[in-house]
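Engineer: fold the following and give me the result.
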Amino acid sequence: MKNKSAYEYAIFLLGKFSYTEKALIEKLNSKNFTEKEIYKTIKTLKEHKYINDNEYAYRFVEKMIDKCFGKNYILLRLKEKGIQEQTAEKTFNLLLKEKHLTEYDIALKIIKKKSNYKPEKVVRLIKSRGFSQEVIDRIVYKFFNH
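Structural biologist: Numbering: from 1, shown residues only. Sure, this is the predicted structure:
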C-alpha cells in the first residue's frame, strides 16, 4: 500500500468489503492521510456511488434480521458503524414491512430452533440478541407460563 493515494487505498478497501462513511474515514485516518485528502476521497466515492450509508444499512439490517437479531442489537451495531439513528430505525421498520414480519416473529424463529432449551436459557439468548422487553415478555407468557 506504499505511496498510494487516499482514493486508491479506499478503492482497494471497498474491493474487499462494504464500508460506511465513518468506517472508511477511520481506515484512511489510520493510514495518516490528511483531512483534505480524506474529505476529497469521500466526496468522490459518494459521487460515484461507491459508498452509500443508506444502502449499507439496508443490507446490514437484512442480514441481521435473517440471522434472528432484534431491533436493539441491530440499531446499536449500526450506530457503532456511524449510521444515524433515524436512518437505522427507518431501515429496520422498512425491512420488517417488506418481509411481513414483526420483531416477535423473528424471536419465534429462535424459539423454534431452540425448543429443547430451558426457559431461562431461551430468555437470556433472546435478550442477548437485542429483543425488546415487550417481545421477551410475550415469549415467556406464550411458551413458559403453563
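
Engineer: report the buried residues of stretch 76-95.
Structural biologist: Along stretch 76-95, these residues count as buried under the neighbour rule (16 or more other C-beta atoms under 10 Å): 77-78, 81-83, 88-89, 91-92, 95. Any C-beta I mention is one placed from the backbone N, CA and C, and that applies to glycine too.

Engineer: hmm, who's touching it?
Structural biologist: Contacts of stretch 76-95 with the rest of the structure, by C-beta atoms under 8 Å, 6 or more residues apart in numbering, involve 20-23, 53-54, 56-58, 60-62, 64-65, 71, 74-75, 130.

Engineer: pull out the buried residues from those.
Structural biologist: With burial judged by 16+ other C-beta under 10 Å, the buried subset of these is 20-21, 23, 53, 56-58, 60-62, 64-65, 71, 74-75, 130.

Engineer: of the buried residues of stretch 76-95, which pair is most distant in space?
Structural biologist: Comparing every pair within these by C-beta to C-beta identifies 82 and 95 as the most remote, at 19.2 Å.

Engineer: excluding chain neighbours, what is closest to residue 50?
Structural biologist: Closest residue to residue 50 apart from its sequence neighbours, by C-beta to C-beta, 6 or more residues apart in numbering: residue 14 at 5.7 Å.

Engineer: what residues are up against that neighbour?
Structural biologist: 24, 45, 50-51.

Engineer: could you list the domains of this structure?
Structural biologist: The chain breaks down into these structural domains: 6-47, 53-98, 103-144 (assignment by automatic domain parsing).

Engineer: how much space between residue 65 and residue 58?
Structural biologist: 11 Å (C-beta to C-beta, to the nearest Å).

Engineer: got the buried residues for the host helix or strand of residue 134?
Structural biologist: Residue 134 belongs to helix 133-144 when elements are defined using DSSP states H and E. Of the residues in helix 133-144, those buried by neighbour count under the rule 16+ other C-beta under 10 Å are 135-136, 138-139.

Engineer: could you single out the nearest of those residues to residue 34?
Structural biologist: Minimum separation from residue 34 among the buried residues of helix 133-144 (C-beta to C-beta) is found for residue 135, which lies at 46.9 Å.

Engineer: returning to what we had before: how much space separates the residue nearest to residue 50 from residue 49?
Structural biologist: 11 Å.
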